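> here's my sequence, what's the structure:
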Amino acid sequence: MAEREAPIGGTSDVEGVTRAVIAASRVLVAVSARSLSEIEERVTLAQFRMLVVLSTRGTTKLVALADLLHVAPSTAMRMVDRLIAAGLADRQVNPDNKRETQLRLTEEGHRTVEDVTARRRQEITRIVERLAPGQRTVLVEALTAFSEAGGEPIAQPAEPGGAYPLGWPDLQAGPTT
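The predicted model follows:
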């Protein structure tokens, strides 16, 4: 691939790109933190991550949820208990297998994910609007390549103008159990 303009620091080497990505990640982490600020009294970042998984996957077995989040089932159960206490999720016994617990979001849980997503999208939109059209094109190309290299599928809106999921790797994968 032909070299483009040099990244921050005037270099086109891996270190220069790494510095630029770290700087951009600080912006994205700040945006993420601000988007969660209205719910931080009720939900931790890890719990919000669980809400996102349940939002994108629908009703999910506890073991599958723990696997997707890369936590022990006991940790996932404690997180679920807190989300249930907050009115954001509920659990049911699987009618096909009484030993399995199925988890899903409540309407309030869905609204919470949608609200945080909307706040994040609005703030990112304001930042992107400050870029020149040519910079936006280059940014899309670079972030798409970066996401693909990192194994993260590009988020697609549920509908035109809809909210993008706030996923982590493996969210789009099929069931693991």
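
> tell me if residue 87 really is in a helix.
No. Under DSSP: H, G, I helix; E, B strand; the rest coil, residue 87 falls outside any helix and is assigned coil.

> in this structure it contacts residue 108, no?
Yes. Assessed by C-beta atoms under 8 Å, residue 87 is found in contact with residue 108 at 5.2 Å. In short, each C-beta sits where N, CA and C put it, glycine included.

> can you list the strands that the lengthiest strand in the chain pairs with?
When the chain is parsed with DSSP state E, its longest strand is strand 97-105. Partners of strand 97-105 in the sheet, by DSSP bridges, are strand 60-61 (antiparallel), strand 89-94 (antiparallel).

> give me the residues contacting that strand.
51, 54-55, 58-63, 65, 80, 88-94, 113 (C-beta atoms under 8 Å, 6 or more residues apart in numbering).

> buried ones among those residues?
Listed as buried from the contacts of strand 97-105 are 51, 54-55, 60-62, 65, 80, 88-89, 113; burial here means 16 or more other C-beta atoms under 10 Å.

> as CSV, the residues you listed with distance to residue 36 would be great.
Shown next, in CSV, are the buried ones among the contacts of strand 97-105 (distance: C-beta to C-beta, whole Å):
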residue, distance to residue 36
51, 11
54, 16
55, 15
60, 22
61, 26
62, 24
65, 20
80, 19
88, 13
89, 17
113, 11
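
> of those residues, which is the nearest to residue 71?
residue 65 (8.7 Å; C-beta to C-beta).

> correct me, but the closest one touches residue 50?
Yes. Applying C-beta under 8 Å, one finds residue 65 in contact with residue 50, separated by 6.9 Å.

> which neighbours do those two have in common?
By C-beta under 8 Å, 6+ apart, the residues touching both residue 65 and residue 50 are 76, 80.

> give me the spatial nearest neighbour of residue 31, chain neighbours excluded.
Distances taken as C-beta to C-beta, 6 or more residues apart in numbering put residue 123 closest to residue 31, at 5.0 Å, once the chain neighbours are dropped.

> any idea of the mean pLDDT for whichever strand or helix holds that neighbour?
Per DSSP states H and E: residue 123 is located in helix 107-129. For helix 107-129, mean pLDDT is 95.

> pull out the buried positions in that helix.
Buried, per 16+ other C-beta under 10 Å, within helix 107-129: 109, 112-113, 116-117, 119-121, 123-124.
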